[in-house]
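>>> Output the structure for:
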Amino acid sequence: MIDHNNLEEYQEPMNYDLEFGGETGKYDFFLELAKSHPGNVLELACGTGLTTIYLAEAGIQITGVDIVEPMLAYARHKAKDLPVEFIEADARTFESDQRFSMIYLTGNAFQAFLSDEDSDCVAANRLCPSGAWRHICF
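Here you go, the predicted structure:
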């Protein structure tokens, strides 16, 4: 089992946005996917909300989950009055009674899913019957 995590890399959300912000091609990709799966969308490991906020601005009903509170605090600050919910939780064990039409994960966060069980649990009880689970690394 791993006895180390890399969460210290994510304690400076403004630096994160400087490094990864502006990837509009990626944002547009997930926006088009969300439009093709109408309903509530869930972004796992949403960080500072770069993609989450972009989709919310386009009218997508979206929830973002992340394990790092400073990232979420910054996301909430940036989102202002947008109808987006940010939840502090581990994406691998996050529980919700809500069902989502699409669940997605961007970037390298998929590395946190160390087993097939970790990956399978993400979508198992959170997707609508016709929902989509996407994990794309750019």
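
>>> Strands along this protein, start to end?
Using DSSP state E, the strands found in the chain span residues 41-44, 62-66, 84-88, 100-105, 127-135.

>>> In its sheet, which strands sit next to the shortest one, and in what direction?
In this case it means strand 41-44. strand 62-66 (parallel), strand 100-105 (parallel) (DSSP bridges).

>>> Same list (these) but as TSV, adding distance to Leu72 and mean neighbour count.
Backbone N, C-alpha and C define where each C-beta goes, glycine included. Formatted as TSV, those follow (distance: least, C-beta to C-beta, whole Å; neighbours: other C-beta atoms under 10 Å):
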stretch	distance to Leu72	mean neighbour count
strand 62-66	5	25
strand 100-105	16	23
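
>>> Can I get the ones you listed in a markdown table including distance to Ala75?
A markdown table is the format used below for the strands paired with strand 41-44 (distance: least, C-beta to C-beta, whole Å):
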| stretch | distance to Ala75 |
| --- | --- |
| strand 62-66 | 6 |
| strand 100-105 | 16 |
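
>>> ok, of those, where does mean pLDDT dip lowest?
In terms of mean pLDDT, the lowest-scoring of the strands paired with strand 41-44 is strand 100-105 (a mean of 86).
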